[in-house]
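Enquirer: generate a structure from the sequence data that follows.
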Amino acid sequence: MTVTEQEITDYVARVRAALADLPPDRLNELTEDLADHLTEVAAEAEGTLVERLGEPETYAAELRAAAGVGVGGGRNLDQRVATAVVRLRGRLRAIDARLGPPLGYATASDFLRLLRPGWWVVRGYLAAMLVTVITTGGSFGVLPRFGGELLAGLIMLIGFVLASIWLGRRSAQLTRWPRSAVQVGSAVLVVFALSALMQAEDRMRYGDYGIDPTSINGPYDNVRDVFVYDSEGRLVENARLFDQNGNPIRLGYPDCEGRVDEYGNPLLRPYPYCPSQAPFGPRAPGAPVPPTIEPQPTDTSTPSETPSVPTPAPSTASPSVTPSATPSGVPTPTATS
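Expert: Have a look, this model is predicted:
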């Protein structure tokens, strides 16, 4: 980009305005060769004067500090801020020069300039994902979607990437406020990317099975499956549990391998999730029913006396015996006088 004479004139005017509190002779001394110096800087490399030297007010503070001129009273606060900015920029330049050699370049900024095309592409992708979050209510994956539509999201992605590349190639031509808006937007996208990475980390750590369990707090928080048995000890398969309001009760997580949802709806998936893991397996056909121990009720009342009914003994036929005065076959004594 070629710097015009009007840009040089405007830059010199803003520098002189920042130094307006100085005496006229001192002001002319500091800015006498400024226009020639700016012309040489503009001819050395591409870029605007603001991009090469910073804002005119900052450059004026550098001139003031180099000349050892004190700050006037009328612009005291502005000049102090400009001086602080100059000091900060000096420290950043020192850090930039120190980090450059480990990366193989004179400064770290020289290395980062090579990464700008990649950032333009990433910026377009992040902008598409931000629109995806806004239009879908916070639900997003790897690819962008516009209103839940994947095709529209891909078209939006291509448009945003091309726009970001176009904007990055022409960022040097932007004026102050558009450039500031681009920088603020880039910062917002960086914050959004960091929050998205944190959410992805949480999903990978805790898992997401796509069901909404009933709010149950207590001893059932760690239940992963439910096995229903009938009164004869047989496993009841394809059972579903509901509360008193007809809402399905969901306990645990259906993470059994090879389990197919025959109902097509995770909320209607029956118990048990994994029949092979039942604590008591299903009985084979014709197997004897295991004995059931029923609890005996405890009766604390005084039992009433119940007369016992004797059981009649079975009758047995016996011969009838008729006594006689004299047994048969025995002689009877006769009295004699």
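Enquirer: which stretches of the protein have low pLDDT?
Expert: Low-confidence segments of the chain (pLDDT under 70): 1-3, 45-47, 69-87, 139, 205-219, 254, 257-268, 281-337.
Enquirer: could you tell me the end-to-end distance of stretch 142-156?
Expert: 14 Å (CA to CA, to the nearest Å).
Enquirer: what residues sit buried inside it?
Expert: Buried residues in stretch 142-156, counted by 16 or more other CB atoms under 10 Å: P144, R145, F146, G153, M156. Glycine gets a C-beta too; all of them are placed from N, C-alpha and C.
Enquirer: burial of A128, as a residue count?
Expert: Neighbourhood size, A128 [other CB atoms under 10 Å]: 23.
Enquirer: tell me who's in contact with it.
Expert: Residues counted as contacts of A128 (CB atoms under 8 Å, 6 or more residues apart in numbering) are P144, G153, M156, L157, F160, V161.
Enquirer: returning to what we had before: max pairwise distance over the buried residues of stretch 142-156: which two?
Expert: R145 and M156 (8.7 Å; CB to CB).
Enquirer: between the two ends of stretch 131-150, what distance do you get?
Expert: The first-to-last residue distance of stretch 131-150 comes to 13 Å (CA to CA).
Enquirer: other residues contacting that stretch?
Expert: In this structure, residues lying in contact with stretch 131-150 by CB under 8 Å, 6+ apart are Y125, A128, M129, A152, G153, L154, I155, M156, L157, F160, F192, A196.
Enquirer: can you give me the end-to-end distance of stretch 164-184?
Expert: With CA to CA, one end of stretch 164-184 sits 14 Å from the other.
Enquirer: okay, buried residues for it please.
Expert: Neighbour count says stretch 164-184 has S164, L167, G168, V182 buried, by 16+ other CB under 10 Å.
Enquirer: stretch 127-137 too?
Expert: A127, A128, M129, L130, V131, T132, V133, T135, T136.
Enquirer: distance to L241 and secondary structure for these - can I get that in CSV?
Expert: Converted to CSV, these look like this (distance: CB to CB, whole Å; DSSP: H, G, I helix; E, B strand; the rest coil):
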residue, distance to L241, secondary structure
A127, 46, helix
A128, 43, helix
M129, 39, helix
L130, 41, helix
V131, 42, helix
T132, 37, helix
V133, 36, helix
T135, 37, helix
T136, 32, helix
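Enquirer: where along the stretch 101-250 of the chain do the helices fall?
Expert: Listed in chain order, the helices of the stretch 101-250 of the chain (DSSP state H, counting those that start in this stretch) span 108-114, 116-136, 150-169, 176-206.
Enquirer: I'd like those helices as TSV, with distance to R91 appended.
Expert: Below are those laid out as TSV (distance: least, CB to CB, whole Å):
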stretch	distance to R91
helix 108-114	14
helix 116-136	23
helix 150-169	27
helix 176-206	20
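Enquirer: which of those helices sits closest to L53?
Expert: Closest among the helices of the stretch 101-250 of the chain, using CB to CB: helix 176-206, at 14.3 Å.
Enquirer: just checking, what packs against that closest one?
Expert: Packing partners of helix 176-206 (3 or more CB pairs under 8 Å, 6 or more residues apart in numbering; DSSP states H and E): helix 116-136.
Enquirer: compare the helices of the stretch 101-250 of the chain and give me the one nearest A20.
Expert: helix 176-206 (20.6 Å).
Enquirer: tell me which residues in the closest one are buried?
Expert: V182, L189, A193.
Enquirer: ok, those residues vs L49, which is closest?
Expert: Taking CB to CB as the measure, L49 lies nearest V182 of those, at 19.0 Å.
Enquirer: show me the contacts for the closest one.
Expert: Contacts for V182 (CB under 8 Å, 6+ apart) come out as L167, S171, L174.
Enquirer: gap between the residue lying closest to the first one once chain neighbours are set aside and N222?
Expert: So the one you mean is L167. Leaving aside its chain neighbours, L167 sits nearest to V182 (6.6 Å; criterion: CB to CB, 6 or more residues apart in numbering). According to CB to CB, to the nearest Å, V182 stands 51 Å off from N222.
Enquirer: no further queries at this time; thank you.
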